[in-house]
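Q: Fold the following and give me the result.
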Amino acid sequence: MSDPETEVKMSTKPTSKNQDEPVQNRLCSNLFHNIKFFVFCHSLLQLTQLMISGYLKSSISTIEKRFGLSSQTSGLLAAFNEVGNTALIVFVSYFGSRVHRPRLIGLGAVLVAMAGLLMSLPHFISEPYRYDHVNLGLPQDSASSLCLRSQAPGVDPASASVPTPSNSSCAFHSEAPQMVVVGLMFLAQTLLGVGAVPIQPFGISYIDDFAHPNNSPLYLGILFAVTLFGPGLAFGLGGLMLRLYVDIDRMPEGGVSLTPKDPRWVGAWWLGFLIAAGAVILTALPYFFFPRDMPKEQQELSFRKRILPSLDDKEENSLIKQKTGNFPDKEKDEAAQIAPDLTVIQFIKIFPQVLLRNLRHPIFLLVVLAQVSMSSMVAGMATFLPKFLERQFSVTASYANLLIGSISIPGAITGIITGGVLVHRFHLSSKRCAIVGIVGAFACLMLGLPLFFMGCPTHHIANIYGPSTFPENEEFPNCTQLCSCSKSDFNPVCDTRSHTEYITPCQAGCTGFQRGPVPGQDSVIYTNCSCLLSGIRKNSVISGSCESSCSHLVIPFMLLISFGSAVASLTHTPSFMLILRF
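A: From the prediction side, this is the model:
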């Protein structure tokens, strides 16, 4: 016969466990039925999404160097994600009310993460990075970079020349892999544009549908503010990753003798894509647990009630009238219900008419053209500004990304926030919003004019840019021919006296080398150089490209760009409100 107390304990244990499970389910359900949690998740998702698209711009010069891409190809690659986005964004207005928006956002985020992984794939399918190097412990390894002065005058240079691969051989061995790499990157950019299509439109509409009407602008402001940190983090991540060697996962024995300041240095451009893709995957997981429809938020935020001043009835009615126009609420509601009732065929038929009607509106058309012009300027600057800083001011790729991420991007964030505060605080009308846009664009133009004068001429590169007449002397006539220099080597050296750069020590006529005077550094001094443009015999040159003579102007240059981007970004919110009010 069993003990009554034992029976009571046995009966109560399962009950306690069963009671805990509904509590956990309710907590989880309440979390995913909370619009504030959705705003938090969507802010992180858009931030990580912009990290992937922005990271390409931060490492564009390194990718060019690694795979031999031209600036034209890299610029087209950076803009190619807009192809998939532009082709599909039009139909979002049709499918938006018919699909499970959170799940579609999650699927789009998965495609974005796959695009990030695909962008890093060329590193794993390519051979390890090879560069022309000089090993101070093995003098025979440096023979191809030095001038063969032992050759007697009158001897045919071709007979003792260093064997070099022909151009046709190089093209045959490099053309096919390069086409595969470029194809993978263009495919990844297209996939990135397709994946980004549902993220922002569905997220904004989801917040606006289920948030309290007075809370929705605040939620969207938080969303945009957090999202703006994405490009800044992307450039910061690029600054960190490009300080690591490209083949860090398959480092050769003995390491490498390059430093980030060496022109042959290639950073770990692929690692940032993996990190950003992993972040996108983590932020995409919650979207598969949000419901298709959640209860409408009933209460206004207490923070908003305490901080934001209340409008009197007259001002509130005037503001509502400015936003909604002269259409009665009934007519606006009926117009809003037309699109969901259309079939796909009807939507395709009516879309050209709607597009032409909008394009005929002069204010809408002018604002859109202004935004397109501003966006083209921002896109070009974001893509090629790091490369320009590297070439013009002789800074490393990681330092250029650090400058952009810490100076330029915060300026744009400050400008957008300031523009939103101006619109809200002073209740700017359509006319005043237009005035803010015009004044901001003109001020941005004035701030950009000094940038044309902040720079210096490109230093001379022998036989490529600048003077190419070598001095002739009795001891060593026809320097470059008798040196039998390899045309495929790249080991730049600099003559500091004439500020001239040579592709290899052989082109400078150098016959020896020694370690630099600074211990712990990998600098090399090449000696007995007889083919210098300066005409100084037996002179020495140092390894690496020549430093820019105006490198001290990089900080003022970036500060001017930061001020200009802040003023240009200030017009973003007024222009957006100008479109909405018309």
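
Q: how close does Ala276 get to Ile435?
A: 39 Å (Cβ to Cβ, to the nearest Å). C-beta coordinates here come from the backbone N, C-alpha and C atoms, glycine included.

Q: what does Ala277 give?
A: The value you get for Ala277 to Ile435, if Cβ to Cβ is used, is 43 Å.

Q: which of the two has more neighbours?
A: More crowded of Ala277 and Ile435, by other Cβ atoms under 10 Å: Ala277, with 23 against 13.

Q: For burial, what's the neighbour tally of the closest residue to the more buried one other than its chain neighbours?
A: In space, and not counting its chain neighbours, Ala277 is closest to Gly116: 3.2 Å by Cβ to Cβ, 6 or more residues apart in numbering. Residues lying near Gly116 (other Cβ under 10 Å) number 30.

Q: check contacts around Gly116.
A: Counting by Cβ atoms under 8 Å, 6 or more residues apart in numbering, Gly116 makes contact with 52, 188, 192, 273-274, 276-277, 280.

Q: Can I take it that it is in a helix?
A: Yes. Gly116: assigned to a helix according to DSSP: H, G, I helix; E, B strand; the rest coil.

Q: Mind naming the longest helix for this structure?
A: Longest helix in the chain, counting residues (DSSP state H): helix 362-393.

Q: by contact count, what packs against the helix or strand just after it?
A: Using DSSP states H and E, the helix or strand that follows helix 362-393 towards the C-terminus is helix 397-403. The contact analysis (3 or more Cβ pairs under 8 Å, 6 or more residues apart in numbering; DSSP states H and E) places helix 397-403 against helix 229-241, helix 362-393, helix 554-570.

Q: Could I get the average pLDDT for helix 397-403?
A: Averaging pLDDT along helix 397-403 gives 91.

Q: and stretch 485-496, which residues are buried?
A: With burial defined by 16 or more other Cβ atoms under 10 Å, the residues of stretch 485-496 counted as buried are 485-486, 489, 491-495.

Q: just stretch 185-198 next, same as before
A: Residues of stretch 185-198 classed as buried: 185-186, 188-198 (neighbour count, 16+ other Cβ under 10 Å).

Q: Tell me the one of those residues nearest Ala400?
A: Met185 (21.1 Å; Cβ to Cβ).

Q: Name all residues that make contact with the closest one.
A: 63, 77, 119, 122.

Q: and those residues as CSV, adding distance to Lys36?
A: Shown next, in CSV, are the contacts of Met185 (distance: Cβ to Cβ, whole Å):
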residue, distance to Lys36
Ile63, 40
Leu77, 38
Met119, 33
Pro122, 41
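
Q: ok, back up a step: chain center to the longest helix of the chain: distance?
A: 14 Å (Cα atoms, centre = their mean, to the nearest Å).

Q: Take stretch 53-73, keep the C-alpha atoms, and write them as CSV.
A: The C-alpha coordinates for stretch 53-73 follow below in CSV (Å, rounded to 0.1, in the frame of the first residue of the first chain):
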residue,chain,number,x,y,z
SER,A,53,27.3,46.1,-49.0
GLY,A,54,29.5,48.7,-47.4
TYR,A,55,32.4,46.3,-46.8
LEU,A,56,32.9,45.8,-50.6
LYS,A,57,33.5,49.5,-50.9
SER,A,58,36.0,49.5,-48.1
SER,A,59,38.1,46.7,-49.7
ILE,A,60,37.6,47.6,-53.4
SER,A,61,41.2,48.7,-54.0
THR,A,62,42.5,45.5,-52.3
ILE,A,63,40.3,43.3,-54.5
GLU,A,64,41.5,45.2,-57.6
LYS,A,65,45.1,44.5,-56.6
ARG,A,66,44.5,40.9,-55.7
PHE,A,67,42.7,39.9,-58.9
GLY,A,68,44.0,42.5,-61.4
LEU,A,69,40.6,44.3,-61.9
SER,A,70,40.4,47.7,-63.5
SER,A,71,38.6,50.6,-61.9
GLN,A,72,35.9,50.3,-64.5
THR,A,73,35.2,46.7,-63.6
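
Q: quick one: average pLDDT of it?
A: Here the average pLDDT along stretch 53-73 is 89.

Q: Then stretch 348-363?
A: 80.

Q: Got the domain ranges for the protein?
A: Domains of the chain are assigned by automatic domain parsing as 29-150+176-296, 308-359, 457-547.

Q: Which one, of the ones you listed, ends up nearest to Cys444?
A: domain 29-150+176-296 (17.9 Å).

Q: now the closest one, how far from the chain's geometric center?
A: 8 Å.

Q: Kindly report the same for stretch 358-374.
A: Counting by Cα atoms, centre = their mean, stretch 358-374 comes out at 26 Å from the chain centroid.

Q: Using PDB, write down the CA coordinates of it.
A: Output of stretch 358-374 as PDB, limited to C-alpha atoms (Å, rounded to 0.1, in the frame of the first residue of the first chain):
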ATOM      1  CA  ASN A 358       3.800  60.600 -60.800                       C
ATOM      2  CA  LEU A 359       6.500  61.600 -63.300                       C
ATOM      3  CA  ARG A 360       4.300  64.400 -64.600                       C
ATOM      4  CA  HIS A 361       4.200  66.000 -61.200                       C
ATOM      5  CA  PRO A 362       7.000  68.700 -61.400                       C
ATOM      6  CA  ILE A 363       7.800  68.800 -57.700                       C
ATOM      7  CA  PHE A 364       8.000  65.000 -57.400                       C
ATOM      8  CA  LEU A 365      10.200  64.800 -60.500                       C
ATOM      9  CA  LEU A 366      12.600  67.500 -59.400                       C
ATOM     10  CA  VAL A 367      13.000  66.100 -55.900                       C
ATOM     11  CA  VAL A 368      13.700  62.600 -57.400                       C
ATOM     12  CA  LEU A 369      16.200  64.000 -59.800                       C
ATOM     13  CA  ALA A 370      17.900  65.900 -57.000                       C
ATOM     14  CA  GLN A 371      18.100  62.700 -54.900                       C
ATOM     15  CA  VAL A 372      19.400  60.700 -57.900                       C
ATOM     16  CA  SER A 373      22.200  63.300 -58.400                       C
ATOM     17  CA  MET A 374      23.100  63.300 -54.700                       C
END
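
Q: Go through it and flag the buried ones.
A: Buried-residue list, stretch 358-374, by 16+ other Cβ under 10 Å: 367, 370-371, 374.

Q: Isn't Ser61 up against Ala397?
A: Yes. Using Cβ atoms under 8 Å, Ser61 is in contact with Ala397, at 5.8 Å.

Q: For Tyr219, give me its contacts.
A: 35-36, 39, 207, 211.

Q: Separate out the buried members of these.
A: The neighbour count (16+ other Cβ under 10 Å) marks 35, 39, 207, 211 as buried among those.
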